[in-house]
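Novice: please work out how this folds:
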Amino acid sequence: MPGKEEKIFSVAELIDVLNTFFKREEVRITGEICELKRATSGHVYFTLKDKGDGSGNGAAVLDAIIWSRNYQLCGIALEVGMEVVLTGHPNIYPPSGRLSFVADTVELVGEGALKRAYEALKAKLAAEGMFDEGRKRPLPDLPRRIGVVTSLKGAVIHDFGNNLGKFGFTVNVCDSRVEGAAAAKDLLASIAAMRELAVAVAAGGGLDALVIIRGGGSLESLQAFNNEALVRAVVDFPVPVIAGIGHDQDVPLVALAADHMVSTPTAAAHLLNRSWEAAYAEVHRLASVFVRMQQELKRRANDLDAAWDSMAAQIERRLAWAAEQIDYATRYIRLNDPRRQLKLGYSITRKNGKIVRSTRAFAAGDELETELSDGSVRSRVEQP
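Specialist: Here you go, the predicted model:
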């Protein structure tokens with residue numbers, strides 16, 4: 001346009017603009033590795049080529065690089081001849097002006113290649129004891145503080161939440177990609193964040209259990225869960241880990257390494273509910289026992305009250321009968337008391353303390369004691 005000043009870029013400025021544009025979105029490309037070099041720094045430089053279209057034209061090639069950390073995270077030992085899918089972005093190296101592809105993740109292509117890589121890593125980790133049942137930890141009784149790593153998109157998190165019992169759980173959720181090999185980096189970052197939360201509270205930690213969940217899928221879609229770094233992060237996690245990852249034949253290695261493996265997010269929720277449900281059932285059982293004991297005690301108390309009333313009535317009758325007997329005996333004794341006869345003019349004569357009933361018991365010189373109503377007198381027998 002007339003009057004408009006035209007922008008003139010330097011080479012470096014244009015390269016910078018292009019690189020900024022390239023970084024805006026991830027790109028996924030596929031090809032076969034035809035050259036490969038591992039640097040001492042751990043970075044891997046390789047060339048990716050198309051297989052060709054059969055027209056006789058040469059296959060297109062592109063230089064690629066994956067930095068050391070990302071290469072370790074991808075969990076694949078790259079080799080010449082491998083068919084792979086790279087996720088990353090193009091980049092122009094300013095000193096040479098050379099275009100290359102900077103890969104963040106690498107995925108194998110083809111179920112056969114994925115299966116071979118899966119079996120090789122499984123054998124390696126099994127030899128280290130990663131899947132041994134003896135090293136796996138039980139869930140604590142009545143877990144309350146739960147960490148969850150999953151994607152917040154889709155039905156998985158809702159299925160888990162809807163099946164988690166209302167037992168006062170505190171749930172901390174870390175959103176993560178869970179699809180494909182590229183998700184491994186997200187999952188590792190989420191587990192690292194959960195680790196910080198787990199050790200945040202000095203007395204016993206800030207989590208009782210970690211749950212990693214996603215829906216089912218193919219071996220290819222579950223690649224992230226067959227990542228060596230992720231398996232080691234699960235094994236080293238400070239509290240028990242539940243893996244609720246849907247699968248069919250090839251169980252994800254993360255699930256094999258987890259302390260508890262279930263097939264669905266719903267099953268993971270039910271596993272967390274289990275000790276709470278058992279505790280509630282025991283509380284209800286004890287409450288029923290307590291009610292029955294109360295009822296039995298009340299029945300026994302009623303029986304005791306009835307028995308006491310009956311016993312009291314019996315005692316009262318017996319006391320009344322005893323009182324009558326005592327009264328009768330008193331009257332009888334009084335009627336037959338010898339002293340009563342003395343008042344009527346009778347007397348009692350004793351010799352040597354024994355009552356004399358016949359004159360034949362007397363002999364001259366015997367000393368006698370005669371008891372009257374108002375006293376006694378002593379006498380001697382002059383003549384019997």
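
Novice: who's in contact with the nearest residue to F225 once chain neighbours are set aside?
Specialist: Closest residue in space to F225, ignoring its immediate chain neighbours: P252 at 3.7 Å, by C-beta to C-beta, 6 or more residues apart in numbering. To be clear about C-beta, it is placed using only N, CA and C from the backbone, and glycine gets the same treatment. Neighbouring residues of P252 by C-beta atoms under 8 Å, 6 or more residues apart in numbering: L222, F225, N226, A243, I245.

Novice: how about 6 Å then?
Specialist: L222, F225, N226, I245 (C-beta atoms under 6 Å, 6 or more residues apart in numbering).

Novice: between these, which sits nearest R116?
Specialist: Nearest to R116 among the contacts of P252, counting by C-beta to C-beta, is N226 at 11.8 Å.

Novice: tally of neighbours for the closest one?
Specialist: 26 (other C-beta atoms under 10 Å).

Novice: can you give me phi and psi for it?
Specialist: N226 adopts backbone torsions of phi -110, psi 30, taken as degrees, to the nearest 10.

Novice: and it, how far from A120?
Specialist: Distance from N226 to A120, counting by C-beta to C-beta, to the nearest Å: 11 Å.

Novice: helices and strands around the longest helix anywhere in the chain, which ones?
Specialist: Scanning the chain for the helix with the most residues, using DSSP state H, yields helix 265-335. With contacts taken as 3 or more C-beta pairs under 6 Å, 6 or more residues apart in numbering; DSSP states H and E, helix 265-335 sits against helix 156-163, strand 209-214, strand 241-245.

Novice: could you dump those to CSV with distance to L372 and mean pLDDT?
Specialist: Listed next are those as CSV, based on distance: least, C-beta to C-beta, whole Å; pLDDT from 0 to 100:
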stretch, distance to L372, mean pLDDT
helix 156-163, 111, 92
strand 209-214, 109, 94
strand 241-245, 113, 93
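
Novice: shaky segments in this structure?
Specialist: Of all residues in the chain, those with pLDDT under 70 make up the ranges 1-4, 52-58, 111, 201-205, 247-249, 339-345.

Novice: tell me the helices in it, going along the chain?
Specialist: Under DSSP H, the chain gives helices at 11-22, 68-74, 111-127, 156-163, 183-198, 228-235, 253-257, 265-335, 338-342.

Novice: please work out which of those is packed deepest.
Specialist: helix 253-257 (a mean of 24; mean count of other C-beta atoms under 10 Å).

Novice: contacts for that one, please.
Specialist: K122, M130, F131, F225, N226, L230, V231, V234, V235, A243, I245, M261.

Novice: again, only this time at 10 Å
Specialist: 75, 118, 121-122, 124-126, 130-132, 135-136, 184, 187, 191, 212, 222, 224-228, 230-237, 241-247, 261-263 (C-beta atoms under 10 Å, 6 or more residues apart in numbering).

Novice: pull the distance from it to the chain's centre.
Specialist: On the basis of C-alpha atoms, centre = their mean, to the nearest Å, helix 253-257 sits 20 Å off its chain's mean C-alpha point.

Novice: please save the CA atoms from it in PDB.
Specialist: Presented in PDB, the C-alpha positions along helix 253-257 are these (Å, rounded to 0.1, in the frame of the first residue of the first chain):
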ATOM      1  CA  LEU A 253       2.800 -52.200  33.700                       C
ATOM      2  CA  VAL A 254       1.800 -49.300  36.100                       C
ATOM      3  CA  ALA A 255      -1.200 -51.500  37.100                       C
ATOM      4  CA  LEU A 256       1.100 -54.500  37.700                       C
ATOM      5  CA  ALA A 257       3.400 -52.300  39.900                       C
END
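
Novice: which parts of stretch 28-43 are buried?
Specialist: I29, G31, E32, I33 (16 or more other C-beta atoms under 10 Å).

Novice: now distance to Q383 too, for those, in CSV please.
Specialist: Output for the buried residues of stretch 28-43, formatted as CSV (distance: C-beta to C-beta, whole Å):
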residue, distance to Q383
I29, 165
G31, 167
E32, 167
I33, 164
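
Novice: pick the one among the residues you listed closest to F290.
Specialist: When the buried residues of stretch 28-43 are ranked by distance to F290 (C-beta to C-beta), I29 comes first, at 70.2 Å.

Novice: what residues are bridge-paired with the closest one?
Specialist: Beta-bridge partners recorded for I29 (DSSP bridges): L86.

Novice: surely E220 and A117 touch.
Specialist: No. With contact defined as C-beta atoms under 10 Å, E220 does not count as touching A117 (11.2 Å).

Novice: mind listing the shared neighbours of these two?
Specialist: With C-beta under 10 Å, 6+ apart as the test, E220 and A117 both reach L108.

Novice: what's around the closest residue to V356 other than its chain neighbours, how many residues?
Specialist: Nearest residue to V356, sequence neighbours excluded (C-beta to C-beta, 6+ apart): T349, at 4.8 Å. A count of neighbours around T349, defined by other C-beta under 10 Å, yields 16.

Novice: cool, G353 as well?
Specialist: Residues lying near G353 (other C-beta under 10 Å) number 6.

Novice: now swap in the one 4 residues further on and tell me
Specialist: Taking other C-beta under 10 Å as the neighbour definition, R357 ends up with a count of 8.
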